[in-house]
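# could you work out the structure for the sequence below:
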Amino acid sequence: MILKLFFTSLFILCSFNLSATELGQLTPQQLKKLQQQQVPLVIDIRTSEEWEETGVIPDSYPLQFFDKQGSFDEKKWLLELKKLHSNSNQPIVLVCRSGNRSGKVGKLLTEKLGMENIYHLSSGINQWLELNYQMTETCHPNKVC
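The predicted model follows:
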């Protein structure tokens, strides 16, 4: 019995350590709740054309990752992200149209760079809009909207 308890505890501890740098997924409802409880850094990685078309989530920062051809400048983007990130405990939530691009960028941050507290809106801005959640007009990059 004690041995079983020991191995169960060890498994739980190891699982927690492994998941510390995993990408978290949020629904629009979970993001709204997180925004009420904390001050997450919400980064909209879509293109400027997409921001203009739909607007952005309130209190989010437009910081385009991929260009129209699917290329990106990882180092430049990370420098801009670091300027916005207030502390290492602040959750970062990535947003794109459908959750595809934000998932890729989130995996880059968690798996390649080992960053923690990284989430993405798994269904993207599309579901946010379907739920008729508030949007604000787009603003210049690197300024909260």
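# what's the next secondary structure element after the lowest-mean-pLDDT helix or strand in the chain?
Taking mean pLDDT, DSSP states H and E as the measure, the helix or strand of the chain with the lowest value is helix 2-19, at a mean of 36. Scanning forward in sequence from helix 2-19 by DSSP states H and E, the next helix or strand is strand 24-26.
# and for that next one, what's in contact with it?
Outside of strand 24-26, the residues within contact range by CB atoms under 8 Å, 6 or more residues apart in numbering are Leu34, Val93, Gly99, Asn117, Ile118, Tyr119, His120, Leu121, Ser122. (Glycine included, C-beta is placed from N, CA and C.)
# what's the average pLDDT for stretch 99-107?
Confidence over stretch 99-107, taken as the mean pLDDT, stands at 97.
# buried residues in it, which are they?
Neighbour-count burial for stretch 99-107 flags Gly99, Arg101, Ser102, Gly103, Lys104, Val105, Gly106 (criterion: 16 or more other CB atoms under 10 Å).
# with respect to Asp67, which of the residues you listed is nearest?
When the buried residues of stretch 99-107 are compared for distance to Asp67 (CB to CB), Arg101 wins out at 11.5 Å.
# is that closest one in a helix, a strand, or coil?
helix (DSSP: H, G, I helix; E, B strand; the rest coil).
# quick check: it touching Gln64?
No: under the contact definition of CB atoms under 8 Å, Arg101 does not touch Gln64, with a separation of 10.1 Å.
# what touches both of those two?
Between them, Arg101 and Gln64 share these contacting residues under CB under 8 Å, 6+ apart: Ile45, Arg46.
# for the contacts of strand 24-26, which two are the farthest from each other?
The widest separation within the contacts of strand 24-26, taken as CB to CB, falls between Gly99 and Asn117 and amounts to 18.2 Å.
# so what's Asn100 up against?
Gly124.
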